[in-house]
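Undergrad: Below is the sequence, then the predicted model.
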Amino acid sequence: MPTEKERAWEAYQSRKRAYQSVYDNFRYTDAQREQVIEFIGAAMKVIRGDAKFESLKRLLPVARTRTESIDGQSYRGGTRFAFNSGFLNEWTSIYMLATTDAQGKVEPYHFQIYFKPPMQIPRERLEQLLRLKLVPGWTSEGGNLQRELPDPLHDLPAFDGGNFEYGLIDPPHAPYTVQVKFTYLNGPDHNPYTASRLARLELRREYLTSEQIRERDHQKLGHLSTTGQRVPLGGKWLGVCADDALTASMPMERRMCNYGEGHVFGPLWVWSNVARERVPVQAWWQWVAPDPFEEEIERIFGGKRKG
């Protein structure tokens with residue numbers, strides 16, 4: 001006859017098998033899939049800096065928070081906000097990591113979903129939704145595929161999926177870049193590109209150093225003269241900012257200036273909602289036309305005006 005300890009162990013094993021059976025037979029609905037895809041799109045806007053963190057809390061409530069430790073460049077500490085994932089199941093976790101400044105402003109930098117069990121979401125749909133830069137091949141060669149995923153612990157074939165990493169087609173002009181990572185499982189024919197079960201999704205900011213920011217702006221606009229440099233040729237000059245959105249927010253006539261040869265290029269003055277006034281922003285200048293008054297000045301003063 002079994003002992004009390006053996007009966008308790010068998011009861012535990014029976015509950016475990018029943019619980020595992022519930023997990024193995026769980027299937028997501030189309031409505032759940034669409035809701036989580038909508039939330040992923042909203043999370044990208046927050047990570048990019050295009051929307052505030054509060055916009056996510058209106059879609060899903062925050063279930064709990066905890067203090068997060070600092071670990072390397074990607075994990076900056078702050079607070080972990082765990083969203084209520086009960087609309088999916090009791091196993092999946094959805095969270096955002098964020099720092100908080102002295103004024104209480106929440107600055108998210110890392111968003112992640114662990115799908116348990118993995119969810120069928122076509123990789124191509126997420127690539128289009130998040131506007132990801134597609135580069136065939138391995139990450140070491142500049143491509144998206146980081147590595148294949150073997151899983152020898154569960155007697156699975158040598159191939160069980162792949163990790164994919166991406167940059168953005170239209171990255172925000174910010175002191176960080178945005179990186180995206182997918183973990184897909186169970187692709188047929190040992191081909192990571194046909195894996196269709198999404199196990200993990202990660203959106204994160206990678207903050208840049210001051211030197212990296214200067215180098216990025218130089219690569220983009222280094223062929224133009226910038227604030228503080230001498231004007232090489234008198235005439236009408238058009239100013240642009242490194243941030244394309246900032247440039248687009250100003251009418252062209254406000255970015256057009258007359259500069260005399262030898263003068264010093266100034267900044268552009270941009271309205272700040274924080275300071276409630278116009279503030280100077282570094283500008284890059286492109287010559288567009290001669291000074292319409294230059295001939296008149298030469299006629300009156302007998303020569304080209306110097307700065």
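TA: Alright, I've got the coordinates.
Undergrad: Can you verify my assumption that residue 221 contacts residue 285?
TA: No: applying CB atoms under 8 Å as the test, residue 221 and residue 285 come out as separate, 9.7 Å apart. The C-beta positions use only the backbone N, C-alpha and C, and glycine is treated the same way.
Undergrad: which neighbours do those two share?
TA: The contact sets of residue 221 and residue 285 overlap at residue 240 (CB atoms under 8 Å, 6 or more residues apart in numbering).
Undergrad: Comparing those two, which residue is more hemmed in?
TA: residue 285 (23 against 18; other CB atoms under 10 Å).
Undergrad: leaving aside the residues next to it on the chain, what's closest to that one?
TA: residue 237 (4.4 Å; CB to CB, 6 or more residues apart in numbering).
Undergrad: do residue 213 as well
TA: residue 175 (6.1 Å).
Undergrad: Student question: in the chain, what's the helix or strand with minimum average pLDDT?
TA: helix 294-301 (a mean of 60; mean pLDDT, DSSP states H and E).
Undergrad: What pairs with the top strand by length along the chain, parallel or antiparallel?
TA: In the chain, with assignment by DSSP state E, the single longest strand is strand 106-120. When pairs are called by DSSP bridges, strand 106-120 turns out to pair with strand 93-100 (antiparallel), strand 197-207 (antiparallel).
Undergrad: got a markdown table for the ones you listed, with mean neighbour count, distance to residue 57 and mean pLDDT too?
TA: Output for those, formatted as a markdown table (neighbours: other CB atoms under 10 Å; distance: least, CB to CB, whole Å; pLDDT from 0 to 100):
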| stretch | mean neighbour count | distance to residue 57 | mean pLDDT |
| --- | --- | --- | --- |
| strand 93-100 | 19 | 10 | 93 |
| strand 197-207 | 19 | 17 | 93 |
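Undergrad: Determine which of these approaches residue 232 most closely.
TA: strand 197-207 (35.2 Å; CB to CB).
Undergrad: neighbouring contacts of the closest one?
TA: With CB under 8 Å, 6+ apart, strand 197-207 has contacts from 40, 43-44, 47, 73-74, 76, 109-115, 117-121, 123, 126, 130, 161, 175-186.
Undergrad: what do you get for stretch 78-98?
TA: Residues contacting stretch 78-98 (CB under 8 Å, 6+ apart): 23, 26, 28, 32, 35-36, 39, 43, 46, 53, 56, 60-68, 75-76, 99-100, 106-117.
Undergrad: Return the distance of that stretch from the chain's centre.
TA: 19 Å (CA atoms, centre = their mean, to the nearest Å).
Undergrad: Likewise for stretch 45-54?
TA: Using CA atoms, centre = their mean, the offset of stretch 45-54 from its chain centre is 9 Å.
Undergrad: coming back round to it: the residue nearest to residue 285 belongs to a helix, doesn't it?
TA: No: Residue 237: not assigned to a helix; according to DSSP: H, G, I helix; E, B strand; the rest coil it is strand.
Undergrad: what about it, how many neighbours?
TA: Neighbours around residue 237, by other CB under 10 Å: 24.
Undergrad: Verify the stated contact: it with residue 227.
TA: No: counting by CB under 8 Å, residue 237 stays clear of residue 227, with 11.6 Å between them.
Undergrad: Sketch out the low-pLDDT regions of the chain for me.
TA: Along the chain, segments meeting pLDDT under 70 span 70-75, 140, 147-160, 187-188, 274, 292-307.
Undergrad: Going along the chain, name the helices of it.
TA: For the chain, the helices defined by DSSP state H occupy 4-24, 30-48, 54-59, 123-129, 210-221, 244-248, 294-301.
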